[in-house]
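A.B. asks: how would this look folded up:
(chains A, B, C and D)
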Number of protein chains: 2
Amino acid sequence: MARPRQFDEKNAVTSATELFWRRGYHATSVRDLGDELKLTPSSLYRTFTDKHTLFLRALDHYRATESAEARQRLDAADHPVREVLREWMLWLVTCPADGAPGRGCFVVNTATELGTTDEEVRQRTEAAFEVTRQALRSVLAEGRDRGELSAGLDIDDAVELLFTTVLGLRVRERAGHDIERLTTAIDLAVRALGPTPAEPA
Amino acid sequence: MARPRQFDEKNAVTSATELFWRRGYHATSVRDLGDELKLTPSSLYRTFTDKHTLFLRALDHYRATESAEARQRLDAADHPVREVLREWMLWLVTCPADGAPGRGCFVVNTATELGTTDEEVRQRTEAAFEVTRQALRSVLAEGRDRGELSAGLDIDDAVELLFTTVLGLRVRERAGHDIERLTTAIDLAVRALGPTPAEPA
DNA sequence: ACAATTCGGGAGCGATCGCTCCCGAATTGG
DNA sequence: CCAATTCGGGAGCGATCGCTCCCGAATTGT
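C.D. replies: Numbers count the residues shown, from 1 in each chain, chains lettered A, B, ... in the order given. Modelled structure (predicted):
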C-alpha cells in the first residue's frame, strides 16, 4: 500500500553482477554500482541493505543463471561423453568472451580474491563448485553405464581432474590466453579418461 | 653522501609481498603496508614511488623467490618424470600452506583479480606463467629422451594440460580444498601422460 | 668543522570510501 | 479524500583512501 519501485530489481542485480564479475569486490564502489544500475544511493541501500549483501545477491544471481546454464548444458546432452565434455569445456572458455572477453568465472574470481576470509561468500563459492562437480560426476557415470568409459575408471577421481582443469581454464580465459592452447588442454583432459572400451561381442 | 636507510629494503618488499599475496591489490591499503613494513608514509613513497610500483616490486620479488624455487625444484630432480611431476605438484599445493594456508599463488591471485586491465601487471604474470610452462616442457622432454614417456606424446600438448591443472590446483588451495582431493587430481594428471613405454629388447 | 643530502616521523591534503538522513512526490488501502 | 507508506533524489556524514609536504635529526664527503 505504497508507491512501487520504478526500477526492475532483477535488472539491477544483473547489472551489479556484471560489474562485480569484471572488477571484483573491492575494486567496485557503491557509486560505480549506483551509476551502472541507475540507482541513487538511498534506493540502493533501501533495496539491498549494503554493498556486501548486494554482492551476495550478485553471487546468487550468477549461480542461478550462468552456473545453472553450465550445469544444464552438461546434463542435457545425450551425445557420447567425451564429445559432451569437450564441447562443454570449450563453451566454458568461450561463453564469457562473448562481448566481454577476459571476465573468467565470477565464482573463481571471487574465490581467489576473497579466499576463505568471508564465510558467507565461501559457502556460496563452495556450493557452486560442488554443483559443477556433481554435474561432472553424473555425466561420467552415465558414460560409464553406456560403456563409453572403462569400468575400471574411478569416477570420483576423474571428477577431481576435470574439475581442477576447469578452474585452470577459467583462470586462463581471464588471463587472456589463446583459445587454441586451452583447446589443447581440454582435448588432453578428455583423453585422460582412458580409451573407449572395446565393444563386447 | 647522506644518511643511509634504517630499514632493510628487501625485508620491506618481502613483507609487502606477503600482504599483497594474502589480501590482493585493492584490499591492501598503503597504511596497512606502512604498519606491516614499519615504514612511515614518507619513507614508503620516497623508496617505492607509489602503491602500484610497490606492487610490481612485490610481484617481481615473488617471481624471484617463490616462482624461482618452484622452477628449481622441477629442474633439479633427476628421478623418473612422473615421480618428479607428482612430488612437484604436491609441493605446489602444500608449500603456501606452511604457516599460512589458503594463500594460493600470488601470480594466479593477481591474474584473476586484475585480469588484463593492468598492462604492467599482465606482462609479469604472463612471464611467470611462461617460466612454469618452459620448466614443464624441459622436464617432459627429458623424460621422453630417457624413454619414460611415449615418443608419440606431444610435449607441447602435455604442457598445456599440466599447466592448466597447476592453475586449477592453486585456485583450489586458495579456496581451502582438501589436500586429498588435490592429490587425486594430481595423480590423474600425471597418468594422463600415458603409459610408460615398454623397454626395448 | 662544515655544507650537502637523505633520513624517520607526523600532520594533513583533496578525493573517495561505504553509508545515512531528509525531503517532496507518488501511489497505496480505507 | 485522506492518512499511510515507500518511492527517487540529493546533501552530506565520518572514515579511509593514496599521497604530499615539512620538519629536525642523522650521516655523509670535504
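A.B. asks: Look at the residue most central in space within chain A and tell me its secondary structure.
C.D. replies: In chain A, the C-alpha nearest the mean C-alpha coordinate belongs to residue A:67, at 4.6 Å (CA atoms, centre = their mean). Following DSSP: H, G, I helix; E, B strand; the rest coil, the label given to residue A:67 is helix.
A.B. asks: need the contact list for it.
C.D. replies: Contacts for residue A:67 (CB atoms under 8 Å, 6 or more residues apart in numbering or on different chains) come out as A:107, A:128, A:131-132. Bear in mind the C-beta positions are built from the backbone N, C-alpha and C, glycine included.
A.B. asks: hmm, try it at 7 Å
C.D. replies: Under the criterion of CB atoms under 7 Å, 6 or more residues apart in numbering or on different chains, the contact partners of residue A:67 comprise A:107, A:128, A:131.
A.B. asks: Could you count how many residues lie near residue A:40?
C.D. replies: Neighbour count for residue A:40, taken as other CB atoms under 10 Å in any protein chain shown: 10.
A.B. asks: Need the nearest residue in space to it, chain neighbours excluded.
C.D. replies: Excluding the flanking residues, the one nearest residue A:40 by CB to CB, 6 or more residues apart in numbering or on different chains is residue A:34, at 6.5 Å.
A.B. asks: and the helix or strand that contains that neighbour, is it in reach of DNA strand C?
C.D. replies: Under the criterion of DSSP states H and E, residue A:34 resides in helix A:30-37. Yes: using CB under 7 Å from any atom of the strand, helix A:30-37 comes into contact with DNA strand C via A:30-32.
A.B. asks: Give the buried residues for that helix.
C.D. replies: For helix A:30-37, the neighbour count (16 or more other CB atoms under 10 Å in any protein chain shown) marks A:33-34, A:37 as buried.
A.B. asks: who's in contact with that helix?
C.D. replies: With contacts defined as CB under 7 Å, 6+ apart, helix A:30-37 is touched by A:12, A:15-16, A:19, A:40-41, A:44, A:51, A:54.
A.B. asks: What's the mean pLDDT across it?
C.D. replies: Per-residue pLDDT values across helix A:30-37 average out to 96.
A.B. asks: same check, this time on stretch A:50-68
C.D. replies: 97.
A.B. asks: right, is that stretch up against DNA strand D?
C.D. replies: No: Stretch A:50-68 does not reach DNA strand D (CB under 7 Å from any atom of the strand); its nearest approach is 12.3 Å.
A.B. asks: do the same with stretch A:9-18
C.D. replies: No: using CB under 7 Å from any atom of the strand, stretch A:9-18 never reaches DNA strand D; the gap is at least 9.0 Å.
A.B. asks: Next, the buried residues of that stretch.
C.D. replies: A:12-18.
A.B. asks: Looking at the residues you listed, which are in helices?
C.D. replies: A:12-18 (DSSP state H).
A.B. asks: just to revisit the earlier point, output the helix holding residue A:34 as CSV, nothing but the C-alphas.
C.D. replies: Extracted C-alpha coordinates of helix A:30-37, given in CSV (Å, rounded to 0.1, in the frame of the first residue of the first chain):
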residue,chain,number,x,y,z
VAL,A,30,28.9,1.7,-4.4
ARG,A,31,28.9,4.8,-6.6
ASP,A,32,30.0,2.7,-9.6
LEU,A,33,27.1,0.4,-8.9
GLY,A,34,24.7,3.3,-8.5
ASP,A,35,25.8,4.7,-11.9
GLU,A,36,25.5,1.4,-13.6
LEU,A,37,22.2,0.4,-12.0
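A.B. asks: does it come close to DNA strand D?
C.D. replies: No: using CB under 7 Å from any atom of the strand, helix A:30-37 stays clear of DNA strand D, coming no nearer than 8.3 Å.
A.B. asks: Run through who's touching the helix or strand just after that helix.
C.D. replies: Tracing the chain C-terminally past helix A:30-37 and defining elements by DSSP H and E, one meets helix A:41-48 next. Applying CB under 7 Å, 6+ apart, the contact partners of helix A:41-48 are A:9, A:30, A:33-34, A:37, A:54, A:57.
A.B. asks: All set, thanks.
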